[in-house]
Every structure is written in C-alpha cells, then in structure tokens.
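# Any chance you can model this:
(chains A and B)
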Amino acid sequence: MMKKAAQRAIEILESLGVSYGDARAETVMTERMVFRNGRLEQGIVRESAGLGVRAIVGGAWGFGASTGFGLESVDAAARRAFDIAVAASGGTVKRLAPLAPQRGLYRGPLEKDPFSVSSGEKMALLEMVSREAMKDKRIKECYAWLWFENRKRVYASTEGSLTETDLTFSEPFLMATAVSGGDAQSRSLQDGARIAGWEWIEKCDMPGWAERVRDEALEKVLAPESPEGVMDLLLDGIHLSLTMHESVGHPTESDRVLGWESNMAGRSFLDVGDQRSAVYGSHFVNFLADNTLPYGLASWGWDDEGVPGQKWHLVRNGVFQEFGTVRETGPLVGRTYSRGCCRAMDYASFPINRQPNFILEPGPDGVTPEDLLKDIKLGVMIEGRGSFSIDQRRLNFQFGGDRFQLVRNGRIAGPLKKVIYRSQTPRFWGSCDGIADARWLRTMGVLNCGKGEPAQSARMTHGASWARFRNVNVGGGK
Amino acid sequence: MTAKHAVEIAEKAVEAGGTLHSSAFASFNRVASVRFGKNSITQNQDVGSLSVTLTVGDGSRKASVSFEDTSPDSMARAASKARALMEASPPDPEYMPPPEEGQVYPFINDAMDPEAAECPVQRRIEAVRGLIDTADGFGLEAGGICSNLHSVIAHASSTGNLASHERTSVTLSFTMDRGSASSFRQLHHESWGAIPWREASEQVAREALANTDQKDAEPGEYTIIFEPQAVADILPFLAWSMDARRADEGLTVFSGMQGKQVSGARFTLRSDPDGPAKGTPFDSNGVPSGYSVWIRNGTLENLPCDRYWAARTGRQPLFIPDCLEMKGDAGSTRDLILGTKRGILVRRLWYIRFVDQKTLVLTGMTRDGVFMIRDGRTVEPLRDFRWNWRPLELFGRIEALGSAERKSYAFVPPVAVGGVKFPCV
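Numbering: from 1, shown residues only, chains lettered A, B, ... in the order given. As a prediction, this is how the structure comes out:
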C-alpha cells in the first residue's frame, strides 16, 4: 500500500510536468511508558500513516501531505504540492546534485522486537528501577521511561529511485533528583536511543543505573559548589556528545552557512571557503561523520531524498574538511554531490539539512582516562550532559554536566556540583591535548534536535572517548 | 475541518473507548507556510493533519492511544490497543476520572478569522516577496517564515462534557542581516489585516544597518532595557518552573513560597485566555481555563496544579492556557531609553537554558541588536554577550515599564532593569 501510494504520487507529479518530485510514504508505531516516582504517569501507543510529497515547479518547491494512503488523499497531496509550487514559481532555479536512481531495502539492526515484549514486562522493569532509585527518602523525584518506535518508509522520485526502510528505535531513561539542605540535584542515565530493539534496553542495565542515579544524585546534592577559574577538563563521551552536537554538528550544516536558517537556528562562524583550510581544533581532533553506523539514529540507509548513508571527515587532524549537505546545498558549497543529510521529522514535514551521526575519533591504543587524569594539576572531570547554550553562530558556548569531580594533582579529590564552563569553539577544540582509546568510546542517541521553521525535531548519534582540555574558564553563573 | 466535525470525531472516539471512563481530544492543524533565506524562497508548504488521543480508564487504571485514521475500523483497533495497555498497567493511586459533567468553558473572542482559515497562498507569497525586495533594496539578506495556521480542537468525555475551539494565526517572523549586523521582528495575529509587514520590513532594515561596527561594553553596572521580544523570550522559563506539586516536593525555586514575595513589586504575571494574547479555553483533559494571576506585585499568588494535586492540597486545578501577560505601564521602548542615563538595550534573547532549576538561574545569549545607551540615546551597537541571570531577581529591580504589546503567545511590555552587572557571567 505504501509503495503504491508513493508511486501514484510520482505518476501524478510526472503528469503535471514537474522538473523534480519525490514522495515519502511512512507508517509509525510508537509505545511510550513514563513512570514518575514509581507511578505510571503516562502509557500511550501511537499510530501514524501518511505521505509527504515534494515538487519543484518553475524553480520553486511545493510540499503537501496526506493522512493515510487513500487514493483521494494521495492525489490531493500531490496536487497541492504542485499548486503551491506554481504559486511561488519564478524564483532562483533549483539545481540538485546529481544522483543515480536508488533501489533497495534497508532494515536497521534488530535482535529482539520491543513490540514483542509485553507491556506488563516493560512496566515491571520501570516500577522496579523506580523503587530502587527511590530507596533513599531524600530522592524526591524519579523519572523512568521506555520509548519504542517502528518506522517504515517508502521513498520514490521522478528520477527513478524507489527505496524502502524499516527501522526500530529504542530508548531507556532514568533520572533521580535528591533534595537536601535547600538544594535539588539530579543524576540520570543518558545513553539515549539507538536503532535497536529490546537488546539495547538490556545492555543499558537500568537496574544497575537505578543504584547509580540514586547514590550519585545524593553525592551531588551534598557536594561543594564549583571552583572558579581557569583549569583543565576531563570530559566523558556522553558529555562530549552534546558539546560536539552544538559546536561541531550545527556549524557544519550547509544550510546555516548559506543563510537559510538565519532567522531561527542561526548561521555559522564558518564560510564556504573554510573547507579544507580552517583550523577547528588541535591535531588530536578528528570528527568522523558516519551515517552507516548501524545503531546510529541517522543511519537510515538512504536519506529523505534517496541519497545513501555515507562516512566522511568533518574535521581531520584539526582542520575543517566539508559540510554536511543535501542535494540542493551540495552544489552551492562547491560539491558535486550530497552527503545525504536531508531528513524530515515525519511524513508531514519538509525534509531539511540535518546533522549526521559523528564521533570524535578515539586516541591511540593504550591511552586510558587515568593517563589523561594524572597530568591535571587542577581541573574537573565531567560525566553526562547538563545545561547547554551557544550563540547563533555557534562560537560562544556554556555547558554544564551531570556528574562532576574535582581533580587535584592527578587525583580525584571529591564530588562537586553546579559546574559550568565557557569557551569559544575553535579555542576549545584547540585546547584538546589527549583522547582515550576506543575502549572508552560512548555514544549518545539524540532524539530531539530542534531546527527549522515550522520547527522539526531530528535524531542523530554522537560519541567520544574521554578527552582532556586545557585552560578552560570554569565557574560563575550563580 | 469544522468545530462540529471535530466534536463528532471526539464523541465517536469516546464511544469506541467503551470503558467506564473515556475521554478524547481531537486536534486538527493546517499549517501553510513560505520559508525564505538569503533573499530567496527555500520552502513552501501547505499541510493539514488530524490527530486524536483517546484515554480509557476502568476506575483504577488508565492508558491512551493516539491515532490519525478516524474510520470506524481504525478507531475500534486503536481503542482496543488502549484497553490492552490499560489492562497491563498497575493500579494508579492517583487515578482521576474525566472532569464531571457540566464544565463551563470560556469563549475566546476573535480567535478565528475566516480569511486566515482559508490559508491563502498569495497572501504569504506577497508578504515574503515584499520583505525580500525591501532587504535587497537595503543591501541586506532576509530570512524567515510567513506561516498561516488554522487549528480546530475538540474534547469529549464519557462524563458528558463536550467542547471545541477554533482559531487562526498568521505569523511573520524574519531577520535581515549583513555580516554580524542584524535585526529581527515577529508579527503575530489572528488575521492577515493586522500584520503590518510593509512598515516592519523597512524598520527592521534600518535597525540592521544601524547595528554595524559593534563594540564590547565596558565592565560596570548598567540599566538594561529589554524590548518586548526579549521579555517574551525569557518568560516561558518562569512558566515552566511553576508547578504546585514540584514546588511542594522541594524541587523548584517556588518551594514554600506561595503567598510570599518572590520578585519585585512591579512584576505581575498572569494568564487570560480571552485577553490580548489569545489562549486556549480547555486542556486536553477537558479542564476549563480561566483568568489566573500567578505573581501579583512580586508575590506568588498561584501555581499551576493538576486535578489530583489540587484535590489533595485544597487548591484549584489550574493550568497556563498557552498565554502569558506581564503587566506593563505607559510608553514605548523609546520612552524608556529617553529616561536612561547609562544603559544597554537588548532586542532579543537566544538559546536560553536552565543552569540551575532550584535557584532558577538561566543562561543565554543576546541576538539581533544590542546597543549602548547614554543620556537617553542609543549611541553605538554592541557585540552580543552571554549572560547568566536569575529572572525573579531581574524583575525585582524593574525601574520602568512600557506599554505591553503582543508577541506571539505573550502580551509583554518593554522593561528597564537597574543595577545589572556587566559582564553578566
């Protein structure tokens, strides 16, 4: 039914004489259970099915969508895409990077279908971890949730592409908040979502994390506040996933560089001419984009305009290489191809330039976090993600974290709370002088990257091993 | 989609629920928008979508299903899934049936304009092309979105409540820039006729050109004048911190503060769904909205509170009905500048996030226009800066307020805040 709907939309667009058109048919099934303080606060299943149609007519895009795959609504969506493109026609000619017709089926990795696990078993797990996390009376709030989604897509284009995708996403989450001495502090399990099944939930060990979030939230609420001054940082992969997302992923999106996001998400401090020349960080810093990473949330086989998932360096040996692009922006930033970064939130959203999965490549074999720690005279170790903010050009940032430990003379000297640090993007990555090896690589699957107008959320995975940064401004913000 | 049709869908969903308690919330949105960047149209769409959420309950457990296909078979299938999830759920110690029959829902005047409900494409194209032409004429680049929404929501419950609401909105949000010089405007109303895009486009172009050659401000103490847009940017973070239960549990800055002074005497925050910032008459559970004062003259008067916690603590169930008003005074931003000897004008705030929820510390950046004020005049543009502020303390040092104006969901004045230390980190 999905294939027929997509193909029918393409036939209509062809009959109307569009210069380009594509259609995405999609079905989505979601299950979400949220426990607050051991009580099921929300249990919901969601079903969605529909078709999004994009057309270029007279140099203008048009986009329409239909709920369901009924002939009448499919026809109406294709017709609407055509009509509103005509209304806006007469602008700049749209030139898309060439693409050979794509065909195939991509299924994301899935060992145990989470929809085959009973709702009762899922709720029992969430009740159990909530109980464990709340064993201490000072834990006043505990959130535990599971979220699963199956998303099937068929993509067809007037250029002859026809691809199918079947992806299952799974996410566990657990957070405890301790209240003591007039303060409240939280700690959480933050590995996020993966393209995977129930096996990801089992791997995350929520019962083990229940004890950790409880004990470490208590440790944090009782800890002294952050020192202030210039000092070193030792940051884990979950923490860095957010710093990378904001200060590397966004400024290397081609649509921002072209000014298409100037009103909302913002521009970038990079220019088109910075490719393969701008110094982004120290020679330790290599950012590898990888939309073929099997469990990565942006690994869809093909993006939303049929471009296959790819692997490339955003930054190599500290030098910026090239932007993440879509078919329309590739030629505008000097490329003859797209990097396959075009994704939409759902069938009813216009696909836009999104971040790929990417990692900070690990350091040489044998480097451990302890090796990095022992050379720090005064610093802070940070695990996990906390407060985050960055200017619209993606230069001036401030980050917090989830767990903090003071480092003095190469040793951990005790817990801290309320730590924030501030820097500027190339200065910060330029201060990186050591990265632990691949054994320490941890990734975080982000489900809610906001961008675009109308606003859309998108998914991608980032990760790193522990990495050390010298002479960063820490503290303040009280 | 009409309100009558949306109610019929919600009623059918309740019927399909087939449990002791069922309630349904149907939401239809048609979003038609033209997006532009670098003086060129980049997106153009017109999308309608309907979503129904059905909640079923048996007196001790409940669960929900959300679906789009409203055919009888699909509804029956969705309801069956909700019942299965409910049956797998543990008993809910906080179970609440839907609100009792006879709820009275406020009528929101002038929430819908028939022309805007048609989402006319030529109106959008005309406004966007006009903006682009203006920017081009000034040697600037324009980016933004012109969006037209038609929304219909309906609620039905097995306890006998029925409600619907229909609204429209037109939003023109745009930036004009050249290098780091920029300015921004968001125009928002229920009707096309109240969107003065021609005047605004010229003003924004001139503001952007005046924002070149930015300097850093000298460290020191300043009066900061926040334009209404900047006030509207920061207020949601106050709203998101306001929850009676979380306050009672010691989790927020408002813990133990109801009835006490939390900010300055010139700070009053309220919601009026039928006020100048149009709100919603009911929430997805069918609870009626109404006029609420949250903070009056700096004293915390009310906190949003769900029905369970309200019953347990003797409060009224309250929620923020998608609108906030901050009480203003008379005069414009220009009048506030005229009365300022040494200050900084801030047009827009960006990427605001919590630094610490318990003490309500926020961080963010300025964006699209910061100016030094000396002796009642803006004298030079300043570079954007990072700030870490406690908004309740900021609003505790209000020196002057202008008259409130509409900024999307908010009705807010320009505000002059004295004694702000710079740098603000």
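
# Does A:Phe35 fall in a helix, a strand, or a coil region?
Classification of A:Phe35 by DSSP: H, G, I helix; E, B strand; the rest coil places it in strand.

# need the contact list for it.
Counting by Cβ atoms under 8 Å, 6 or more residues apart in numbering or on different chains, A:Phe35 touches A:41, A:123, A:126-127, A:130, A:142-145. C-beta coordinates here come from the backbone N, C-alpha and C atoms, glycine included.

# would JSON lines of those residues with secondary structure, distance to A:Pro109 and pLDDT be doable?
Output for those, formatted as JSON lines (DSSP: H, G, I helix; E, B strand; the rest coil; distance: Cβ to Cβ, whole Å; pLDDT from 0 to 100):
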{"residue": "A:Glu41", "secondary structure": "strand", "distance to A:Pro109": "31", "pLDDT": "96"}
{"residue": "A:Met123", "secondary structure": "helix", "distance to A:Pro109": "26", "pLDDT": "97"}
{"residue": "A:Leu126", "secondary structure": "helix", "distance to A:Pro109": "24", "pLDDT": "98"}
{"residue": "A:Glu127", "secondary structure": "helix", "distance to A:Pro109": "29", "pLDDT": "98"}
{"residue": "A:Ser130", "secondary structure": "helix", "distance to A:Pro109": "29", "pLDDT": "98"}
{"residue": "A:Cys142", "secondary structure": "strand", "distance to A:Pro109": "31", "pLDDT": "98"}
{"residue": "A:Tyr143", "secondary structure": "strand", "distance to A:Pro109": "27", "pLDDT": "98"}
{"residue": "A:Ala144", "secondary structure": "strand", "distance to A:Pro109": "25", "pLDDT": "98"}
{"residue": "A:Trp145", "secondary structure": "strand", "distance to A:Pro109": "22", "pLDDT": "98"}
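
# which one of those residues has the most neighbours?
Of all those, A:Ala144 has the most neighbours under the rule other Cβ atoms under 10 Å in any protein chain shown, reaching 32 neighbours.

# quick one: contacts for that residue?
Each residue near A:Ala144 by Cβ under 8 Å, 6+ apart is listed here: A:34-35, A:126, A:129-130, A:133, A:173-175, A:206.

# and stretch A:121-135, is it in reach of chain B?
Yes: residues of stretch A:121-135 are located near chain B by Cβ under 8 Å from any Cβ of the partner chain, namely A:123, A:127.

# buried residues in that stretch?
A:122-123, A:125-127, A:129-130, A:132-134 (16 or more other Cβ atoms under 10 Å in any protein chain shown).

# ok, now stretch A:166-176?
The neighbour-count check on stretch A:166-176 (16+ other Cβ under 10 Å) flags A:167-176 as buried.

# same thing with stretch B:83-100?
Residues B:83-86, B:88-90, B:92, B:96, B:98-99 are the ones in stretch B:83-100 that count as buried (16+ other Cβ under 10 Å).

# Name the residues of stretch A:95-110 that are buried.
A:96-97, A:99, A:102, A:106, A:108, A:110.

# out of those, who's nearest chain B?
Closest approach to chain B among the buried residues of stretch A:95-110 (Cβ to the nearest Cβ): A:Leu96, at 13.5 Å.

# Dihedrals phi and psi, that closest one?
Note on A:Leu96: its backbone torsions stand at phi -100, psi 140 [degrees, to the nearest 10].

# can you map out the strands along the stretch 51-200 of chain A?
Here the stretch 51-200 of chain A has its strands, by DSSP state E, counting those that start in this stretch, at A:60-67, A:103-107, A:139-157, A:162-180, A:183-189, A:194-195.

# And the strands in the stretch 101-250 of chain B, which stretches?
Under DSSP E, counting those that start in this stretch, the stretch 101-250 of chain B gives strands at B:141-157, B:162-178, B:181-189, B:220-226.

# Tell me which of those strands sits most buried.
Most buried of the strands of the stretch 101-250 of chain B by mean neighbour count (mean count of other Cβ atoms under 10 Å in any protein chain shown) is strand B:141-157; its value is a mean of 25.

# Okay, now the sheet partners of that strand, with direction.
Strands adjacent to strand B:141-157 in the sheet, as given by DSSP bridges, are strand B:21-37 (antiparallel), strand B:162-178 (antiparallel).

# Run the angle between it and strand B:181-189 for me.
Here the directions of strand B:141-157 and strand B:181-189 differ by 30 degrees (axes from the mean of the first three to the mean of the last three Cα atoms, to 10 degrees).

# Output strand B:141-157 in PDB, but only the C-alpha positions, please.
What follows is strand B:141-157 as a C-alpha-only set of coordinates in PDB (Å, rounded to 0.1, in the frame of the first residue of the first chain):
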ATOM      1  CA  GLU B 141      19.800  39.400   3.400                       C
ATOM      2  CA  ALA B 142      16.400  38.400   4.600                       C
ATOM      3  CA  GLY B 143      15.400  35.000   6.100                       C
ATOM      4  CA  GLY B 144      12.400  33.800   7.900                       C
ATOM      5  CA  ILE B 145       8.900  32.300   7.600                       C
ATOM      6  CA  CYS B 146       5.400  33.500   6.800                       C
ATOM      7  CA  SER B 147       3.100  31.000   8.400                       C
ATOM      8  CA  ASN B 148      -0.700  30.700   8.400                       C
ATOM      9  CA  LEU B 149      -2.300  28.300  10.900                       C
ATOM     10  CA  HIS B 150      -5.900  27.100  11.100                       C
ATOM     11  CA  SER B 151      -6.500  25.000  14.200                       C
ATOM     12  CA  VAL B 152      -9.600  23.100  15.500                       C
ATOM     13  CA  ILE B 153      -9.600  21.300  18.800                       C
ATOM     14  CA  ALA B 154     -12.400  19.300  20.400                       C
ATOM     15  CA  HIS B 155     -12.800  17.400  23.700                       C
ATOM     16  CA  ALA B 156     -15.400  14.800  24.600                       C
ATOM     17  CA  SER B 157     -15.700  12.600  27.700                       C
END
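
# Check the spacing between the residue of the stretch 201-350 of chain B found nearest chain A and A:Ile139 real quick.
At 4.2 Å from chain A, B:Gly250 is the closest residue in the stretch 201-350 of chain B, using Cβ to the nearest Cβ. To A:Ile139, B:Gly250 is 11 Å away according to Cβ to Cβ, to the nearest Å.

# could you dump the longest helix seen in chain A to CSV, C-alpha only?
Identified as the longest helix of chain A according to DSSP state H is helix A:71-88. Only the C-alpha atoms of helix A:71-88 are listed here, as CSV (Å, rounded to 0.1, in the frame of the first residue of the first chain):
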residue,chain,number,x,y,z
LEU,A,71,-6.3,7.4,-3.5
GLU,A,72,-8.2,10.6,-3.0
SER,A,73,-5.8,12.0,-0.3
VAL,A,74,-2.7,10.9,-2.2
ASP,A,75,-3.9,12.7,-5.3
ALA,A,76,-4.8,15.8,-3.2
ALA,A,77,-1.3,15.9,-1.6
ALA,A,78,0.5,15.7,-5.0
ARG,A,79,-1.8,18.3,-6.5
ARG,A,80,-1.3,20.6,-3.5
ALA,A,81,2.5,20.3,-3.7
PHE,A,82,2.3,21.2,-7.4
ASP,A,83,-0.2,24.1,-6.9
ILE,A,84,1.7,25.9,-4.2
ALA,A,85,5.0,25.4,-6.1
VAL,A,86,3.3,27.1,-9.0
ALA,A,87,2.2,30.0,-6.7
ALA,A,88,5.9,30.6,-5.7
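
# Contact residues of the stretch 51-200 of chain B facing chain A?
B:53, B:62-69, B:78, B:81-82, B:84-86, B:88-90, B:92-94, B:121-122, B:125, B:141, B:143-145, B:147, B:173-175, B:177, B:182, B:184.

# bridging residues for the closest residue to A:Glu253 other than its chain neighbours?
With Cβ to Cβ, 6 or more residues apart in numbering or on different chains as the criterion, A:Glu253 has its nearest non-adjacent residue at 5.1 Å, and that residue is A:Asn353. When assigned by DSSP bridges, A:Asn353 has beta-bridge partners A:Cys342.

# A:Asn353: how many residues sit nearby?
Counted with other Cβ under 10 Å, the neighbours of A:Asn353 add up to 27.

# List the contacts of it.
With contact set as Cβ under 8 Å, 6+ apart, A:Asn353 has these partners: A:253-256, A:260, A:324-326, A:329, A:341-342.
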